[in-house]
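**Student:** Below is the sequence, then the predicted model.
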2 protein chains.
Amino acid sequence: MAETTTTVEPRLARGLRDLLPEQMLPRQWMIDTIRKVFELYGFVPLYTSAIEFLDVLSGSAGEEAQRSIFKVSNPDRGATLGAPLGLRFDQTVPLARVVAQYAGLQRPFRCYQVASVWRADKPGKGRFREFTQFDLDSVGVVSEVADTEIIAGMCDTLSALDVGAYRVRFSSRTLLNLLLVYAGISEEQGMDVFRVLDKLEKMGIEKVRMELTSGYTDHSGDEITGLGLSTQQVEKIDHFLAISPYGSGEGGRQEILRNRNEIIDQLRDLFASVPRASEEIDLVGQISRHLYALGYGDDRAVLDLSIARGLAYYTGPVFEAVLLDAPEYGSVFGGGRYDDLVMRFLGEPVPATGASMGVDRLLAALVDLGKVGHRKATAQVLVLNMDPALIDDYLAMTYELRRAGIRTEFYLGTEKRIGHQLKYADRCNVPISLLFGSNEKEQGTVTLKDMEMGRRKAEKLSGREQWIKERPGQREVPRAELASAIEALLAQIET
Amino acid sequence: MAETTTTVEPRLARGLRDLLPEQMLPRQWMIDTIRKVFELYGFVPLYTSAIEFLDVLSGSAGEEAQRSIFKVSNPDRGATLGAPLGLRFDQTVPLARVVAQYAGLQRPFRCYQVASVWRADKPGKGRFREFTQFDLDSVGVVSEVADTEIIAGMCDTLSALDVGAYRVRFSSRTLLNLLLVYAGISEEQGMDVFRVLDKLEKMGIEKVRMELTSGYTDHSGDEITGLGLSTQQVEKIDHFLAISPYGSGEGGRQEILRNRNEIIDQLRDLFASVPRASEEIDLVGQISRHLYALGYGDDRAVLDLSIARGLAYYTGPVFEAVLLDAPEYGSVFGGGRYDDLVMRFLGEPVPATGASMGVDRLLAALVDLGKVGHRKATAQVLVLNMDPALIDDYLAMTYELRRAGIRTEFYLGTEKRIGHQLKYADRCNVPISLLFGSNEKEQGTVTLKDMEMGRRKAEKLSGREQWIKERPGQREVPRAELASAIEALLAQIET
């Protein structure tokens, strides 16, 4: 390789990205935490092929989703691949295929999936063409306990992730269907009405009212066509929406004025004349009752009749979670019951309920909230390479620590100066550096440096490499007590 | 959805597959175990985009690898994607791109990657077009300590995975280069000679000798062209290969006759007349010395001069691991030093060393060796739904156990009969079932059933649902002691 003719530019296509260690470390922690919650619930892991037949992917996707599918091909092996292929754009369609395909699958099938999905959407800030979803689903379960578990699991997940205050809102598509009957709206017009109601939080009640009736002209001059509902119909919708849990506070921070029991009572009054309303309300009432019994109170599990969830395929309870300290991220975790999704493959409905979390979005929110650090290292200790003649000692100490379960790196870079090696530890956020030179060897000691304390003290001093003169955050310990001294220091640092 | 016109057949293209829970559970355990080993070593996680520009992927791949790349496209967004795209076929090329692309990346960069790679190879038994690789790499490290760490890490991984006896073989490409000088073989012919030597284990020494000289006709009548080496040259290669660590045993089970020190001494004698041989041998000698010092003896870290490793890009030490109880799986973990790989992007060499593990292959070997179970469940306890009137009790117990850290599932299926619910627990390998009916409620107890013990006893009995009459493996415990009783039972079961 004496001469290199041309080099290839190292780059990625727009909307694609790499996850470097400082992005991967909080992400792994997050995924491991969520996995642990749902494994406690007895959910089992599933991974589906990234590449699917296009006809499997296409059917249930909307037109925009259809266009966003990445096509996959191989000219040399086309014949052995069969029909056209694409990359999965969500994990729900592949799950429905799996449920239809494997007759031997256990029922109920309560599974979680965490994997990449790909969408060739227009790239934009925070929008990537490959992103990670965490999905959980209970398939083959009619019982409302399955929906209860999803809501409870969402709460437990957000608590385990230490996101601060959060609220899981739930309702049911069937309540909206009752509203249609109550307000005399046809089933055909129902989806349009739901679509408009879905904008409530974003647009406010006034604009929603106008869009439900005669329409309006928005601030950029666009005509928003109205659905042509009558004043009477809109009044009835108003009565429904007035059964709100919230007080008058700002956005997601709104105070809870009505508890779930009160909302259910008012709902019963409102729909007293609607046939079969009682059973549908009972379903939501049971979920609420289970949640109370299990300790999920009104502070975090809120019956919010205004949530509609955009997707057309929900058939029963729907849920979504918002972070009260980061409401601008919207719903970070949402889902619902979708009894019809497997229909497309089996020709018969299979009861199913589930939720999906956008790992990237929630992680971004956690970063904003200062809940995750910026570590670049897994190592807890960096053994400095101060004197190449002592390499056998360095390796012995490194392995002694590793075998004691302490994550340890021996400095293998090209920097010879101790100050530069310490800067590497600092840059990677390794909390402890281990210094061992001929002095320490003679005295049978090692020097441990608490990098954080060292940094804080060094900031107050002036001059370069103050650490050598002042030794802030350093302590000498007997060589024989290396592992236990580091364990004690780590315990201090980590509290 | 009153009428379904046509259904889509749920299926995957040839060579693709799903990983169902019983496949995912041992795989996750395996990946978590390997991750833990390399995090102890201070390696950091990296994930690269699944989709790369084709010119980034292509350069360093052989012709066969080139043809196996899956192309990726999107007609609607083509313009925003730029040049042609493909799916990654390994993790080394993307790593080289990442190292070249991000100037701010820490050096040394010691990272691990675990992700899918895609190759449109001809499908066959155990060969899939999407498979998982676990890669680890030290980039920016000249020191032989980095190579030592890879070998030691391979040993620690295989020990942690409890694979039984294993052997990590290592050597160095540079020793083979010395052989070329010693035997008077040109550098150009060198790669062909290495390719033939690589077949040694599979073809045996006789066929290798023939292929090195005048060629031969194989059993299917194909002409194998010889490389035309002289008898003298082949004799010199024989002398080199005679410095073997092994005795006369079968395959990977061969006894170790020569320790690493002896091999190094004989190598020094053989290459006494070759210029610069001493330094190259020193490198291997230092790795061996470090390994001895850290407790990696001749039983598992073997200096084996015959390993060449197929890939052309190795430039220094090479390593591969074999399982002595499953030698038919060949090398389950292998790699080497590849200082030139980043060259293609940067125009200058970057020292790097690493190894890659085929997760699927090693997992298959572990299944064959009976080292992983066939669990379909994460749950440790199944709470049976014996009496719908007691649902509040069931949910309370379920959450009590989950909050005690015990993975618990409440039976949500449609089976009403206890025997069938127990069969579900059995099929999914949930170790404990929890029975609670009106009797237990009255008495303030719960009944725990150890499924394994129950099964063993039931096998000896005859008749259906013997468990009801005989209650093998069942015990009643006070309701108030539920969690502690289950913890105690799990501790018994798991030992």
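**Tutor:** Arrived safely, thanks for sending. Residues are numbered from 1 along each chain as shown, chains lettered A, B, ... in the order given.
**Student:** pLDDT on stretch A:177-187, on average?
**Tutor:** Averaged across stretch A:177-187, pLDDT comes to 94.
**Student:** Using PDB, write down the CA coordinates of it.
**Tutor:** What follows is stretch A:177-187, C-alpha atoms only, in PDB (Å, rounded to 0.1, in the frame of the first residue of the first chain):
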ATOM      1  CA  ASN A 177     -68.300   6.000  19.200                       C
ATOM      2  CA  LEU A 178     -70.900   6.600  21.900                       C
ATOM      3  CA  LEU A 179     -70.400  10.300  21.400                       C
ATOM      4  CA  LEU A 180     -71.200   9.800  17.700                       C
ATOM      5  CA  VAL A 181     -74.500   8.200  18.600                       C
ATOM      6  CA  TYR A 182     -75.200  10.800  21.300                       C
ATOM      7  CA  ALA A 183     -74.500  13.700  18.900                       C
ATOM      8  CA  GLY A 184     -76.200  12.100  15.900                       C
ATOM      9  CA  ILE A 185     -73.100  11.900  13.800                       C
ATOM     10  CA  SER A 186     -72.800   9.200  11.200                       C
ATOM     11  CA  GLU A 187     -70.200   6.500  11.400                       C
END
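**Student:** List the contacts of that stretch.
**Tutor:** A:189-190, A:193, A:229, A:233, A:236-237, A:240, A:270-271, A:273-275, A:277, A:280-281 (CB atoms under 8 Å, 6 or more residues apart in numbering or on different chains). The way it works is simple: take the backbone N, C-alpha and C, and place the C-beta from them, glycine included.
**Student:** again, but for stretch A:367-380
**Tutor:** Under CB under 8 Å, 6+ apart, the answer for stretch A:367-380 is A:21-22, A:25-26, A:29-30, A:161-164, A:323, A:325-326, A:363, A:366, A:406-409, A:427-432, A:486, A:490, B:39, B:42-45, B:106.
**Student:** So which of those belong to strands?
**Tutor:** Counting by DSSP state E, those place A:Leu323, A:Thr408, A:Glu409, A:Ile432, B:Val44, B:Pro45 in strands.
**Student:** wait, the third one sits on A:Pro431?
**Tutor:** No. No contact is recorded between A:Glu409 and A:Pro431 when judged using CB atoms under 8 Å, the distance being 11.8 Å.
**Student:** Now do the shared contacts for those two.
**Tutor:** Counting by CB under 8 Å, 6+ apart, the residues touching both A:Glu409 and A:Pro431 are A:Val381.
**Student:** Neighbour count for those two, which is higher?
**Tutor:** A:Glu409 (27 against 21; other CB atoms under 10 Å in any protein chain shown).
**Student:** Now for that one: which residues touch it?
**Tutor:** A:Glu409 neighbours (CB under 8 Å, 6+ apart): A:Ala377, A:Ala379, A:Val381, A:Leu382, A:Val383, A:Thr398, A:Val430, B:Tyr41, B:Gly42, B:Arg110.
**Student:** could you list every residue that touches A:Ser49?
**Tutor:** A:Arg88, A:Pro94, B:Leu12, B:Leu16, B:Arg17, B:Asp18, B:Glu130.
**Student:** quick one: which of the residues you listed is nearest to B:Met451?
**Tutor:** Proximity of the contacts of A:Ser49 to B:Met451 (CB to CB) peaks at B:Asp18, which lies at 26.9 Å.
**Student:** Tell me how many other residues crowd that closest one.
**Tutor:** When neighbours are counted by other CB under 10 Å, B:Asp18 comes out with 17.
**Student:** what's the answer for the one 3 residues further on, then?
**Tutor:** Other residues lying near B:Pro21 total 23 when counted by other CB under 10 Å.
**Student:** who's the residue nearest to it when sequence neighbours are not counted bridged to?
**Tutor:** Closest residue to B:Pro21 apart from its sequence neighbours, by CB to CB, 6 or more residues apart in numbering or on different chains: A:Val44 at 3.7 Å. Beta-bridge pairing for A:Val44 (DSSP bridges): A:Cys111.
**Student:** Need the buried ones from the contacts of stretch A:367-380 selected in PyMOL.
**Tutor:** In PyMOL, this line selects whichever of the contacts of stretch A:367-380 come out buried by 16 or more other CB atoms under 10 Å in any protein chain shown:
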select buried, (chain A and resi 21+22+25+26+29+30+161+163+323+325+326+363+366+406+407+408+409+428+429+430+431+432+486+490) or (chain B and resi 39+42+43+44+45+106)
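**Student:** Now, the contacts of A:Glu409 that are in helices?
**Tutor:** The helices, defined by DSSP state H, take in A:Thr398 from the contacts of A:Glu409.
**Student:** Report the central residue of chain A.
**Tutor:** Centroid check for chain A by CA atoms, centre = their mean gives A:Val359 as the closest residue, at 3.1 Å.
**Student:** check contacts around that residue.
**Tutor:** Applying CB under 8 Å, 6+ apart, the residues near A:Val359 are A:Arg27, A:Met30, A:Ile31, A:Val114, A:Phe131, A:Thr132, A:Gln133, A:Phe134.
**Student:** With respect to chain B, which of those is nearest?
**Tutor:** A:Arg27 (8.3 Å; CB to the nearest CB).
**Student:** Could you report the neighbour count for that closest one?
**Tutor:** Neighbour tally, A:Arg27, other CB under 10 Å: 19.
**Student:** Hmm, it is touching A:Leu363, no?
**Tutor:** Yes. A:Arg27 is within contact range of A:Leu363, at 5.9 Å (criterion: CB under 8 Å).
**Student:** what sits against A:Thr132?
**Tutor:** Applying CB under 8 Å, 6+ apart, the residues contacting A:Thr132 are A:Arg27, A:Ile31, A:Val114, A:Ala115, A:Ser116, A:Val117, A:Val359, A:Asp360.
**Student:** Doesn't it lie inside a strand?
**Tutor:** Yes. Counting by DSSP: H, G, I helix; E, B strand; the rest coil, A:Thr132 is part of a strand.
**Student:** which residues does it bridge with?
**Tutor:** Beta-bridge partners, per DSSP bridges, of A:Thr132: A:Ser116.
**Student:** distance of it from A:Gln91?
**Tutor:** Here A:Thr132 is placed at a distance of 10 Å from A:Gln91 (CB to CB, to the nearest Å).
**Student:** shared neighbours of the two, anything?
**Tutor:** Contacts common to A:Thr132 and A:Gln91, judged by CB under 8 Å, 6+ apart, are A:Ala115, A:Val117.
**Student:** Can you read off the backbone torsions of the one residue in the stretch 1-150 of chain A that gets nearest to chain B?
**Tutor:** Residue of the stretch 1-150 of chain A nearest chain B, by CB to the nearest CB: A:Gly42 (3.1 Å). With angles defined as degrees, to the nearest 10, A:Gly42 sits at phi 80, psi 20.
**Student:** Identify the residues contacting it.
**Tutor:** A:Arg110, B:Ala377, B:Thr378, B:Ala379, B:Leu382, B:Arg407, B:Thr408, B:Glu409, B:Val430.
**Student:** picking that back up, in contact with the residue nearest to B:Pro21, which residues?
**Tutor:** A:Arg110, A:Cys111, A:Tyr112, B:Pro21, B:Met24, B:Leu25, B:Lys376, B:Ala377, B:Thr378.
**Student:** Contacts for the helix or strand harbouring A:Glu400 next, please.
**Tutor:** Element membership of A:Glu400 [criterion: DSSP states H and E] is helix A:391-403. For helix A:391-403, the surrounding residues in contact (CB under 8 Å, 6+ apart) are A:381, A:383, A:385, A:408-410, A:434, A:436, A:441, A:446, A:482-483, A:486, B:40-41, B:145, B:148, B:152, B:290, B:293-295.
**Student:** What average pLDDT does that helix get?
**Tutor:** 98.
**Student:** Understood, closing this out.
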